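Enquirer: What shape does this take:
(one chain, ligands or ions: 3)
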Amino acid sequence: MEIDHAVRESSDRRLQTKYRNAVYVIQRAFALYEFEQVAFSFNGGKDSTVLLHLLRAGYYLHKGKPECSNGSLSDSVLKCPIRTIYFESPCAFPEINSFTYETATVYGLQLETIHSDFKSGLEALLKEKPTKAIFLGTRIGDPNAVGQEQFSPSSIGWPPFMRVNPILDWSYRDVWAFILTCKVQYCSLYDQGYTSIGSIYDTVPNALLSIADSANTKGTFKPAYMLSDGRLERAGRTKMHLKCNSTSPNNGVISVNSSGFFTASIVVVGDEILFGTAEDKLSAALCKKLYGIGWQVTRVAVVQNEIDSVAEEVEQRKFTNDMVFLFGGFGPMQSDVSLAGVAKAFGVRLAPDEEFEEYLRHLIGKHCTGDRNEMALFPEGITELLQHEKLPLPLVKCQNVIILAATNVCELETQWDCLLELPNTPLVRLTPFMSKHLSSMLSDVEIAQTISKLCLEFPDVYIGCQRKSRVKPLIISFVGKDKTRIELAAGRLCNSFPEGAFSEVNCG
Ligand SMILES: Cc1cc2nc3c(=O)[nH]c(=O)nc-3n(C[C@H](O)[C@H](O)[C@H](O)COP(=O)(O)O)c2cc1C
Ligand SMILES: Nc1ncnc2c1ncn2[C@@H]1O[C@H](COP(=O)(O)OP(=O)(O)OP(=O)(O)O)[C@@H](O)[C@H]1O
Ligand SMILES: [Mg+2]
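Expert: Residues are numbered from 1 along each chain as shown. Ligands and ions are numbered 1, 2, ... in the order given. Okay, here's the model as predicted:
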């Protein structure tokens, strides 16, 4: 059969292994379930296109059809009459729709088009026709792949069936190696710079494939297979849905909270800081940066270099904050527990990233010891590596947790600038905060009641007092996003006391 033949004839050992394993999974599924009780979830995307051809190969190997000597079967095109479900949506790209229909015809797929959402569509499907297993083109790294294996029962709350994921462990590069080696047709959008395709509303060509040429006024892009770092395949999927009343920021989707700003927390991993032998200057610098783009920092925590301490803190903060920033404990040392802590917080394991491992081997060559580079282990299925030309190594992002590798303020500044420049930066710039500071020689007791009242009256303005020393003046700060409200609150305070009791100061 032409697919089997092409892979075997290629010199790509890695592709051959991935292919053999995937076809093995498919053949076991065909042996386990009746052919009429399995379905293929096909949507014309690259991953499901790969799966289609693997299914064709698996089906014919399963059926044991005789091959001709030239490696092709006697049929002109090898058909695979598998039940195929396509959730058709009005938000799909027309190119995806037409490719799905054309491909189904070419390969004799028994197409069943569903017009409702996944869950209710599957409920209706299972009622209508017994369906024990569904093949999916899910790959590790897809947001919904977390915790899945090659055979994974559907989740609780979903109708019961087995999800079969033959290409779960395939990388972006493996997918394109297969498509190009086997010379199979794929949706034309991939030739226009799209690297992962969702709906027309959330997908654009991947900016990393943009052809940097002053004459390129039409904004043309290189084809998807030219993307050198597969971890950035979803860079064209706009992730920042600014959703009010979103339930949780857990999928890396940021929601504007009721007060109209994003919140962040900072976790510093460092026994040295807790011993008092080192000082934490990084979180102070990061607070300033976040404040500068209108984000509110709600907590800074210093935890021990210990997996459980990191996991506990991250687990709580990732729910309560839009973003969590982590410093320290990142590297090859035994005390570098940050990634393990993050993995534990998300309930996933640390898994090797083959592409990154290869990249590191290239970068640090002979210094890399052992079979497996510890620096290439990442929380499985939730890790995105944020690359920037100014960074020697990418920053690690696990859903809404970013691990910053800075060891001093200067490095932090570089990393921060790179984060802001990313095409899909998670750091949305909001209306910046403004502040006004008043100085007074009044005592805390004299001023306390008025301040309490003002806090109730101006919940949208932060009003706080501090002193540099007991004998120095009291500084009252008003911080918020609405200048008029800040002025009003400050004016109200001044008017409550004799003239001249306050003077404005600059607190840089
Ligand atoms: C055939 C099929 C089965 C699915 N089964 C499950 C499931 O068991 N549990 C679940 O949480 N999501 C399930 N999903 C939904 C997917 O996890 C995911 O939300 C969907 O593919 C959309 O991915 P996207 O948000 O990246 O576009 C299923 C989807 C399909 C097409
Ligand atoms: N609308 C749909 N109809 C049927 N199956 C779908 C649909 N959307 C997703 N799937 C299934 O989920 C799998 C994963 O979707 P995903 O979008 O990650 O991959 P893809 O569409 O094949 O490729 P790409 O990542 O380039 O978009 C698909 O391979 C397919 O099996
Ligand atoms: Mg897709």
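Enquirer: Strands of the stretch 201-350 of the chain, residue ranges please.
Expert: For the stretch 201-350 of the chain, the strands defined by DSSP state E, counting those that start in this stretch occupy 263-269, 296-303, 323-327, 350-352.
Enquirer: Include mean neighbour count, mean pLDDT and distance to ligand 1 when you put the ones you listed into JSON lines, please.
Expert: (Glycine included, C-beta is placed from N, CA and C.) Shown next, in JSON lines, are the strands of the stretch 201-350 of the chain (neighbours: other CB atoms under 10 Å; pLDDT from 0 to 100; distance: least, CB to the nearest ligand atom, whole Å):
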{"stretch": "strand 263-269", "mean neighbour count": "24", "mean pLDDT": "95", "distance to ligand 1": "25"}
{"stretch": "strand 296-303", "mean neighbour count": "18", "mean pLDDT": "95", "distance to ligand 1": "29"}
{"stretch": "strand 323-327", "mean neighbour count": "26", "mean pLDDT": "95", "distance to ligand 1": "21"}
{"stretch": "strand 350-352", "mean neighbour count": "16", "mean pLDDT": "82", "distance to ligand 1": "19"}
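Enquirer: Tabulate those strands in JSON lines, adding columns for distance to ligand 2.
Expert: Shown next, in JSON lines, are those (distance: least, CB to the nearest ligand atom, whole Å):
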{"stretch": "strand 263-269", "distance to ligand 2": "29"}
{"stretch": "strand 296-303", "distance to ligand 2": "33"}
{"stretch": "strand 323-327", "distance to ligand 2": "24"}
{"stretch": "strand 350-352", "distance to ligand 2": "18"}
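Enquirer: With distance to residue 379 added, can I get these in CSV?
Expert: Shown next, in CSV, are these (distance: least, CB to CB, whole Å):
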stretch, distance to residue 379
strand 263-269, 15
strand 296-303, 17
strand 323-327, 12
strand 350-352, 6
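Enquirer: for the ones you listed, which one sits closest to residue 386?
Expert: Using CB to CB as the criterion, the shortest distance between residue 386 and the strands of the stretch 201-350 of the chain is 12.6 Å, found for strand 323-327.
Enquirer: Please report the distance of residue 305 from residue 208.
Expert: Distance, residue 305 to residue 208, by CB to CB, to the nearest Å: 35 Å.
Enquirer: Let's see the longest helix along the chain as PDB, backbone CA atoms only.
Expert: In the chain, taking DSSP state H as the definition, the longest helix is helix 13-32. Coordinates of each C-alpha in helix 13-32 appear next as PDB, following Å, rounded to 0.1, in the frame of the first residue of the first chain:
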ATOM      1  CA  ARG A  13      14.000   6.300  11.200                       C
ATOM      2  CA  ARG A  14      12.100   8.400  13.600                       C
ATOM      3  CA  LEU A  15       9.100   8.600  11.300                       C
ATOM      4  CA  GLN A  16       9.200   4.900  10.800                       C
ATOM      5  CA  THR A  17       9.100   4.300  14.500                       C
ATOM      6  CA  LYS A  18       6.200   6.700  15.000                       C
ATOM      7  CA  TYR A  19       4.400   5.200  12.000                       C
ATOM      8  CA  ARG A  20       4.800   1.600  13.300                       C
ATOM      9  CA  ASN A  21       3.500   2.500  16.700                       C
ATOM     10  CA  ALA A  22       0.500   4.400  15.400                       C
ATOM     11  CA  VAL A  23      -0.400   1.700  13.000                       C
ATOM     12  CA  TYR A  24      -0.100  -0.900  15.800                       C
ATOM     13  CA  VAL A  25      -2.500   1.100  18.000                       C
ATOM     14  CA  ILE A  26      -5.000   1.200  15.000                       C
ATOM     15  CA  GLN A  27      -4.700  -2.500  14.300                       C
ATOM     16  CA  ARG A  28      -5.300  -3.300  18.000                       C
ATOM     17  CA  ALA A  29      -8.400  -1.000  18.000                       C
ATOM     18  CA  PHE A  30      -9.700  -2.800  14.800                       C
ATOM     19  CA  ALA A  31      -9.000  -6.200  16.600                       C
ATOM     20  CA  LEU A  32     -10.800  -5.000  19.800                       C
END
